[in-house]
Structures are given as structure tokens and as C-alpha cells.
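S.K.: pasting the structure only:
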């Protein structure tokens, strides 16, 4: 279930720069044996699972934060003021462009989920269902990143993608930690449906 080593290295490169794909020669990619034979179908299932569970995760998160988040979510969770990777691809975009955009999105999400989970373990240690859902979503996201990395490497010789990450919540007040989490999850709900609609046709059997 772990991320393959070179993916872990990518996730450590949390530089606040605009994301871009770096094209390299095939020698930079690990063996294509890293790809499972059903990698495309597995990736489709992972995206479908994330899309199907995003709204439930957001709703449960709000419930566990209590007031004023439960009653003023539209105001407090408005994601307009936070960074979230731009997602400008569509169903007619080139497959490589879609895959790179997906990697940036889910690498950002993986880091953000780690941030949110850490805060909730501190602020709501008894919220077992929420913590379990956060851990499960993170596990699915990490598997998806591994599969996207494999597909980028195998099909396009891309083994490094620069990713811009959001601000850490360390040192912020409990209220700001809760708010940052709900802003990220609100935006995630908005974007994951679009991501699924764009990506799934590109992963259909050829």
C-alpha cells in the first residue's frame, strides 16, 4: 500500500512554485515493471471511489467541528481565499496533459489530507469515524498517485512533476485549523467531480 520510493521523493519537494512537468529520457524512469497489468482499471476505480465519498467526508468533517461551522459553512468554508491547484484540462485535452494535471491535483490533496488529519487527531481525537475516513481517503489518494506516476513514466517518460502545495496549519489557532480544513475539503468536493469526468474517458480501454 506504500508509495513507491521515487514518488515519496517527489512528495518531499514541497517548493511553492508553479507546477510543471519535466520531460526526461527513458533512462530516468524506473522499470515499467512497477506498473501492474490492471493499472488503468485500478486508477479508474480509485478516482471513482474518491468522487463517490468526497461529499460524505466534507459533511462529516463539518459535523465534527461543531458551531459555527455547522450553521455557517457557506461563509466559513468558502475556498476563494486559499490556494488550490488550477484544473484547466477537459475531456478534449491531450491525455498527457490530463495525467500531469491529475498528478498535481492529487499530490496537493495528499499533502493537505495529512495536514487535516494531523489537526483533527489533535482537535477531535474521539471523532473515530472522521479520522477513519480521512485515513482511508489518504490511502486511496496515495495509491492513485503511485498509479499516475507509473502511467506518466511508462507512457511519456515523465518521472518528475513540480507541485505547489498549500500552507501548513502548524502554529495556527484551533479555529483557523478547522477553517482551513473545511475550505480545502469544500474545494475538493467541487473539483473531484470534474476530475473524474475528465480523467475516466482517458483511462477507457483502447
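M.R.: On my side now, so go ahead. As the structure is a computational prediction, the values presented were derived from the model and not from experiment.

S.K.: Residue 115 is in contact with residue 183, isn't it?
M.R.: No - applying Cβ atoms under 8 Å as the test, residue 115 and residue 183 come out as separate, 11.7 Å apart. Bear in mind the C-beta positions are built from the backbone N, C-alpha and C, glycine included.

S.K.: Show me what the helix or strand hosting residue 184 is packed against.
M.R.: Using DSSP states H and E, residue 184 sits in helix 174-202. Using 3 or more Cβ pairs under 8 Å, 6 or more residues apart in numbering; DSSP states H and E as the contact test, the elements touching helix 174-202 are helix 39-65, helix 73-76, helix 95-123.

S.K.: So which bits of the first one are buried?
M.R.: Neighbour counts over helix 39-65 (16 or more other Cβ atoms under 10 Å) mark 39-40, 42-47, 49-51, 53-54, 57-58, 60-62, 64-65 as buried.

S.K.: what about the protein, any weak spots by pLDDT?
M.R.: Within the chain, the ranges that satisfy pLDDT under 70 run 1-28, 30-34, 205-206.

S.K.: Need the contact partners of stretch 86-97.
M.R.: 21, 98, 101, 105, 152, 155-156, 158, 191, 194-195, 197-198, 201-202 (Cβ atoms under 8 Å, 6 or more residues apart in numbering).

S.K.: same question, stretch 61-81
M.R.: Stretch 61-81 is contacted from outside by 116, 120, 124, 127, 130, 178-179, 181-187, 190, using Cβ under 8 Å, 6+ apart.

S.K.: if you set the cut-off to 6 Å instead, what comes out?
M.R.: Residues outside stretch 61-81 that contact it (Cβ atoms under 6 Å, 6 or more residues apart in numbering): 124, 127, 130, 178, 179, 182, 183, 185, 186, 187.

S.K.: Excluding covalently adjacent residues, which one is nearest to the fourth one?
M.R.: The spatial neighbour of residue 178 that comes closest, neighbours along the chain excluded (Cβ to Cβ, 6 or more residues apart in numbering), is residue 65 at 4.8 Å.

S.K.: if we can go back for a sec, neighbour-wise, which one of the contacts of stretch 86-97 leads?
M.R.: When neighbours are counted by other Cβ atoms under 10 Å, residue 105 leads the contacts of stretch 86-97 with 27 neighbours.

S.K.: how close does the residue nearest to that residue when sequence neighbours are not counted get to residue 195?
M.R.: Using Cβ to Cβ, 6+ apart and skipping the chain neighbours, the partner closest in space to residue 105 is residue 85 (5.1 Å). For residue 85, the distance to residue 195 equals 10 Å [Cβ to Cβ, to the nearest Å].

S.K.: any common contacting residues for those two?
M.R.: Common neighbours of residue 85 and residue 195, counting by Cβ under 6 Å, 6+ apart, are absent.

S.K.: Any chance of a markdown table for the contacts of stretch 61-81, columns distance to residue 139 and neighbour count?
M.R.: Listed next are those as a markdown table, based on distance: Cβ to Cβ, whole Å; neighbours: other Cβ atoms under 10 Å:
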| residue | distance to residue 139 | neighbour count |
| --- | --- | --- |
| 124 | 20 | 16 |
| 127 | 18 | 18 |
| 130 | 15 | 19 |
| 178 | 23 | 26 |
| 179 | 25 | 20 |
| 182 | 21 | 21 |
| 183 | 23 | 20 |
| 185 | 17 | 26 |
| 186 | 22 | 22 |
| 187 | 21 | 22 |
